[in-house]
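> take this sequence and fold it.
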Amino acid sequence: MTRIILLLMCVLLALLEPETALATPNTETTALAGATESEAIPRPNYKRYKGNSRTKKRKLGFFRKRAARRKAMRKRRQKVTEPKGVIRVDKPTGTMPKSAN
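Down below sits the predicted model:
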């Protein structure tokens, strides 16, 4: 059934005259198109659609999580500095002048 319909459509298209099938430009329409192109029409500035911004990010998969953990561990190892501890200071030695009372 579909083959017969397809065959009939092909025959119908073959019988069409090429002049009527092709669109010929009209002189009035080309004059109007040229006038609109020459005029400076400001175009609206619309913001670009960024999708649904309310969507949450998915949890990382096993391999991505493992790679992120390895990267964090590597960074932590590179940042090793002196261990933080108590700063010891000697007692002050008479830097204040005695009062003359």
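
> contact partners of the helix ranked longest in the chain?
What stands out as the longest helix in the chain, according to DSSP state H, is helix 62-78. Residues outside helix 62-78 that contact it (CB atoms under 8 Å, 6 or more residues apart in numbering) are Leu60. Every residue, glycine included, has its C-beta placed from N, CA and C.

> all helices of this protein, in order?
2-15, 18-21, 27-38, 62-78.

> tell me how far the longest one lies from the chain's centre.
When C-alpha coordinates are averaged (CA atoms, centre = their mean, to the nearest Å), helix 62-78 and its chain have centres 26 Å apart.

> which regions of the protein sit below the pLDDT cut-off?
In the predicted model, the chain carries pLDDT under 70 at residues 17-38, 53, 82-83, 95, 101.

> let's see that with 90 instead.
The model of the chain has pLDDT under 90 over residues 1-3, 6-59, 76-101.

> tell me the centre residue of it?
Centroid-nearest residue in the chain: Lys50, 7.1 Å away (criterion: CA atoms, centre = their mean).

> could you export the longest helix of the chain as PDB, CA atoms only?
Provided in PDB are the C-alpha atoms of helix 62-78 (Å, rounded to 0.1, in the frame of the first residue of the first chain):
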ATOM      1  CA  PHE A  62      33.200   6.200  41.300                       C
ATOM      2  CA  PHE A  63      36.100   7.000  39.000                       C
ATOM      3  CA  ARG A  64      35.700  10.800  39.100                       C
ATOM      4  CA  LYS A  65      35.500  10.700  42.900                       C
ATOM      5  CA  ARG A  66      38.600   8.600  43.100                       C
ATOM      6  CA  ALA A  67      40.500  10.900  40.700                       C
ATOM      7  CA  ALA A  68      39.400  14.000  42.700                       C
ATOM      8  CA  ARG A  69      40.600  12.300  45.900                       C
ATOM      9  CA  ARG A  70      44.000  11.500  44.500                       C
ATOM     10  CA  LYS A  71      44.400  15.000  43.200                       C
ATOM     11  CA  ALA A  72      43.500  16.400  46.700                       C
ATOM     12  CA  MET A  73      45.900  14.100  48.400                       C
ATOM     13  CA  ARG A  74      48.700  15.100  46.000                       C
ATOM     14  CA  LYS A  75      48.000  18.800  46.600                       C
ATOM     15  CA  ARG A  76      48.000  18.200  50.400                       C
ATOM     16  CA  ARG A  77      51.400  16.500  50.200                       C
ATOM     17  CA  GLN A  78      52.900  19.400  48.200                       C
END
